[in-house]
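Participant: 3D model of this:
(one chain, ligands or ions: 2)
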Amino acid sequence: MSETSRSLNFIEQLIEEDLENGFSKKDLRFRFPPEPNGYLHIGHASSICLNFGLGLRYDAPVNLRFDDTNPAKEEQEFVDAIKKDVKWLGFEWNTERYASDYFQQLYDWAVQLIKEDKAYVDSQSSEDMAEQKGTPTEVGKESPYRNRSVEENLKLFEGMKNGNFEEGTHVLRAKIDMASDNMLMRDPIMYRILHRAHHRTNTDWCIYPMYDWTHGESDYIEQVSHSLCTLEFLPHRELYNWFLDEVCDPAKVRPKQREFARRNLSHTVVSKRKLAQLVEKGVVNGWDDPRMPTISGLRRRGYTPESLRNFADIIGIAKRDNLIDVSLLEFHVREHLNKISPRVMGVLNPLKVVITNYPEGQEEWLDAENNPEDESAGSRQVPFSRELYIEQEDFKEEANKKFFRLKLGSEVRLKNGYIIKAESCTKDTDGNITEVQCTYDPKSKSGSGSPESLRRVKGTLHWVSIAHAIPVEVRLYDRLFTHESPDAQKDKDFMEFINPDSLEVITGYAEPSLKEVTAGERFQFQRIGYFCVDPDSTAEKLVFNRTVGLRDSWAKIQQKN
Ligand code: ATP
Ligand code: MG
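Facilitator: Residues are numbered from 1 along each chain as shown. Ligands and ions are numbered 1, 2, ... in the order given. Below is the predicted model:
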């Protein structure tokens, strides 16, 4: 959908309202704020397209901000992967920022809050603090340390920073209201002690700021005008604003937090923590396993950035959480690959065909169009000879009238080639068909212009010449989970729904034009689906990932509804 043709989403409407009310367009600024604790997934793609899309629409800067306040879970590997994925999706950030760049500023502001008696050091166990927190219907209890003097708080907080205390012995809390209806306002923790090296600040710090204390202040430092996050942060908005009240200069832009619904995709999980489990437990072969809903997995699977952007655009943003069927994602990649992928022939489950009236030892090269959707893609030559492979499922000894493939006594056209007729077949001792003997009509060559070449037969099959075909490893993927929402089942862990048959590895046979391909190249294997060259490929053995089959299951789902 083009930018102008669709109606404004509710975030854009909100921004329009702000502009109408006098907010200056030149002060618009956005950010995409991943925590570098894993690889980005398809849910993040929605957030990326939203934030960077707003940047493009309003010609406003968008920062890439790493929310790196938890050294226990964050790594440089994840920072690098995130940058690569955002770039690959086709977006450019204005500046690369890190919450850890603001540790000193955040510390100074915390000291200011202590001085104003708005923060205090609590020295209870986390269990005691949790107990005093109360419940949504029951007010909390004040900590016995709540009324420590400013001097004592300053001394303790400095001691925390200087590494004088063990983890878990003290925290810094905002002094707000233990009776607030909003549990998050009941003296939230601002800092905890963590004796951990950070991937950027190393051992400079042994206290780390919490998300709520960090996020809004980072937005403010960067002068982000609209800070968009997912719905679970709605109850945090009050706290976001409370913290901003403490530091905001009225002459500057005051960031606004607004929420949109998390996107969930069917038959998978979109949570870095859960995806990390799949990697750690060896259910998949890494974050970029083509079965993963990560951007890197989808890229390796053969998805294009355009198809992911189109998908994100079409589903748009919502105010309520919902589940998007994975077949809609597949619809978008199929649609894009149909336009751009060169067509080739490959046979996945080979059945030998012998053309008995084609001279032994003879070969010829047939002209084959590369992409009927794109004339400029030109054509290539494919070799034809007496012995071919077709798909096992394309031949039956006998079949009814609706079977438009090869059966004894009837004809089909070989794609780009001749019309053949099945005369007889051979079976092994178990009754499996091992070879089909055919005759061909020498005058029926496609594109030759002869009357026979124009003769219409019902079926067209793909094939490869056995002598010329190259054996390739083909990885066929299925849904990673058997349940459409594996992580929303009562009393069941999402790991219980792993599909044991999500990967099938077979040897297929491809036409020789594929000899020279490189990792990442995408093709349509005619009549089968879209395939992409995997980086595991070597000079000796090419590996293809099936991106998606040709058949559209999304249309079927639409019809049913
Ligand atoms: P995860 O649980 O997968 O780690 P997260 O929200 O903790 O997700 P962040 O790295 O904090 O991950 O997310 C960066 C941004 O992407 C945030 O603004 C977050 O709200 C948004 N985001 C994360 N997951 C989704 C999703 N499924 N749909 C839409 N936006 C998302
Ligand atoms: Mg997070």
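
Participant: use CA for all of it now, contacts and neighbours both
Facilitator: Noted.

Participant: can you pull out the strands in the stretch 101-250 of the chain?
Facilitator: 119-122, 171-174, 189-193, 207-209, 226-230 (DSSP state E, counting those that start in this stretch).

Participant: Sheet partners, orientation included, of the first one?
Facilitator: Partner strands for strand 119-122, per DSSP bridges, with pairing direction: strand 171-174 (antiparallel).

Participant: possible to save the strands of the stretch 101-250 of the chain as TSV with mean pLDDT and distance to ligand 1?
Facilitator: Below are those laid out as TSV (pLDDT from 0 to 100; distance: least, Cα to the nearest ligand atom, whole Å):
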stretch	mean pLDDT	distance to ligand 1
strand 119-122	98	26
strand 171-174	98	22
strand 189-193	98	18
strand 207-209	98	15
strand 226-230	97	4
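
Participant: show me what contacts the closest residue to ligand 1 within the stretch 201-350 of the chain?
Facilitator: For the stretch 201-350 of the chain, the residue closest to ligand 1 is residue 271, as judged by Cα to the nearest ligand atom, at 3.2 Å. Residues near residue 271 by Cα atoms under 8 Å, 6 or more residues apart in numbering: residue 41.

Participant: Next, find the distance separating it from residue 230.
Facilitator: From residue 271 across to residue 230, the span is 13 Å (Cα to Cα, to the nearest Å).

Participant: what about stretch 247-256, start to end distance?
Facilitator: 14 Å.

Participant: Could you report the neighbour count for residue 551?
Facilitator: 14 (other Cα atoms under 10 Å).

Participant: before we move on, which element is it in?
Facilitator: Here residue 551 sits in a region with no helix or strand, counting by DSSP states H and E.

Participant: Close to ligand 1: what parts of the chain are there?
Facilitator: Contacts of the chain with ligand 1, taken as Cα under 6 Å from any ligand atom, map to 33-35, 43-44, 46-47, 229-230, 262-264, 270-273.

Participant: Can you tell me which of these is closest to residue 499?
Facilitator: residue 270 (16.4 Å; Cα to Cα).

Participant: The closest one and residue 39 touch, don't they?
Facilitator: No: contact status for residue 270 versus residue 39: not in contact, 10.7 Å apart, counting by Cα atoms under 8 Å.

Participant: Among these two, which residue is more densely surrounded?
Facilitator: residue 39 (28 against 21).

Participant: hmm, back to that, out of the residues of the chain next to ligand 1, which sit inside strands?
Facilitator: Judged by DSSP state E, strands contain the following of those: 229, 230, 263, 264.

Participant: now residue 312: how far from residue 542?
Facilitator: In terms of Cα to Cα, residue 312 sits 32 Å off from residue 542.

Participant: let me redo that: residue 446
Facilitator: The separation that residue 446 has from residue 542, given Cα to Cα, amounts to 30 Å.

Participant: Could you list the buried residues of stretch 28-47?
Facilitator: For stretch 28-47, burial by neighbour count (16 or more other Cα atoms under 10 Å) applies to 28-47.

Participant: Could you tell me the end-to-end distance of stretch 240-260?
Facilitator: 16 Å.

Participant: Buried residues, that stretch. List them.
Facilitator: Buried residues in stretch 240-260 (16+ other Cα under 10 Å): 240-244, 248, 253-260.

Participant: How about stretch 540-550?
Facilitator: 542, 543, 544, 545, 546, 547, 548, 549, 550.

Participant: for it, the distance to its chain's centre please.
Facilitator: Mean-position distance between stretch 540-550 and its chain equals 19 Å (Cα atoms, centre = their mean, to the nearest Å).

Participant: just stretch 57-76 next, same as before
Facilitator: Distance, stretch centre to chain centre, for stretch 57-76: 18 Å (Cα atoms, centre = their mean).

Participant: do stretch 219-229 as well
Facilitator: 25 Å.

Participant: next structured bit after the lengthiest helix in the chain?
Facilitator: For the chain, the helix reaching the highest residue count under DSSP state H is reported as helix 42-58. Sequence-wise, the next helix or strand downstream of helix 42-58 (DSSP H and E) is strand 62-66.

Participant: quick one: that next one to helix 42-58, angle?
Facilitator: 150 degrees (axes from the mean of the first three to the mean of the last three Cα atoms, to 10 degrees).

Participant: Can you give the strand pairings for strand 62-66, parallel or anti for each?
Facilitator: strand 30-32 (parallel), strand 96-98 (parallel).

Participant: Can I get those strands in JSON lines including mean pLDDT?
Facilitator: Formatted as JSON lines, the strands paired with strand 62-66 follow (pLDDT from 0 to 100):
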{"stretch": "strand 30-32", "mean pLDDT": "98"}
{"stretch": "strand 96-98", "mean pLDDT": "98"}
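
Participant: Rebuild the ones you listed as JSON lines, extending it with distance to residue 403.
Facilitator: Formatted as JSON lines, those follow (distance: least, Cα to Cα, whole Å):
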{"stretch": "strand 30-32", "distance to residue 403": "53"}
{"stretch": "strand 96-98", "distance to residue 403": "59"}
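
Participant: just to revisit the earlier point, between the ones in strands among the residues of the chain next to ligand 1, identify the one with the most neighbours.
Facilitator: Of these, with other Cα under 10 Å as the count, residue 263 tops at 24 neighbours.

Participant: dump the residue contacts of that one.
Facilitator: By Cα under 8 Å, 6+ apart, the neighbours of residue 263 are 43, 46, 321, 322, 323, 324.

Participant: ok, so of those residues, who is nearest residue 297?
Facilitator: Sorting the contacts of residue 263 by distance to residue 297 puts residue 43 at the head of the list, at 13.2 Å, by Cα to Cα.

Participant: The closest one: what's it in contact with?
Facilitator: With Cα under 8 Å, 6+ apart, residue 43 has these contacts: 262, 263, 264, 265, 270.
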